[in-house]
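1. Sequence first, then the predicted structure:
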Amino acid sequence: MENAELIIRCATQGDLPRLLDLYQHLLAGDERADDASAAEAFGQFLRYAGSAIFLGEVDGILVASCVLVVVPNLTRGARPYGLIENVVTHKGYRQRGHGRRILDAATAAARRAGCYKLMLLTGSKEAGTLEFYLRAGFEQSKTGFQKRLIPVLS
């Protein structure tokens, strides 16, 4: 349904199978976690105060998600910072504003957690992806580096 309402909420343990299915729209061919490993990782994740996995559903279908990790910090008056990761929208539901609304929910949560900044990295060089993040209020203002500990999927 084109005009169905997007319901945004935080993930629970019971959402893991559908969330892992949605992640196939993020990186096709990515190694899927088994149920026990996913449950363990989710439990560890919940121990980061203020952190959440945001889900967007349309008519009961999981169509978008992003992860917010709130990281304790000793600078900036001991205010934490937020990291956004695993931003994904189901291929059949893109270009409808769902990804933007999920990022807005994560941004609001980061503010409530007292974060002084919110960061995300993307490996994409696609102009549309970069423009999406700019339209969502992020600026391309830092230089990012990474050290890959597993090979990059192509």
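-> Cool, the structure landed. Residues are numbered from 1 along each chain as shown.

2. what about the biggest helix by length in the chain, average pLDDT?
-> Scanning the chain for the helix with the most residues, using DSSP state H, yields helix 98-112. Averaging pLDDT along helix 98-112 yields 97.

3. What separation do you get for V88 and R76?
-> 29 Å (C-beta to C-beta, to the nearest Å). In short, each C-beta sits where N, CA and C put it, glycine included.

4. Now do the strands in the chain.
-> For the chain, the strands defined by DSSP state E cover 6-10, 52-58, 61-71, 81-89, 118-120.

5. in the longest one, what's buried?
-> This means strand 61-71. For strand 61-71, burial by neighbour count (16 or more other C-beta atoms under 10 Å) applies to 62-70.

6. Pull out the buried residues from stretch 78-94.
-> Buried, per 16+ other C-beta under 10 Å, within stretch 78-94: 80-84, 87-90, 93-94.

7. what would these look like in a markdown table with pLDDT and distance to L27?
-> Formatted as a markdown table, these follow (pLDDT from 0 to 100; distance: C-beta to C-beta, whole Å):
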| residue | pLDDT | distance to L27 |
| --- | --- | --- |
| P80 | 97 | 27 |
| Y81 | 97 | 25 |
| G82 | 96 | 22 |
| L83 | 96 | 18 |
| I84 | 97 | 16 |
| V87 | 97 | 12 |
| V88 | 96 | 9 |
| T89 | 96 | 13 |
| H90 | 96 | 13 |
| Y93 | 95 | 17 |
| R94 | 94 | 15 |
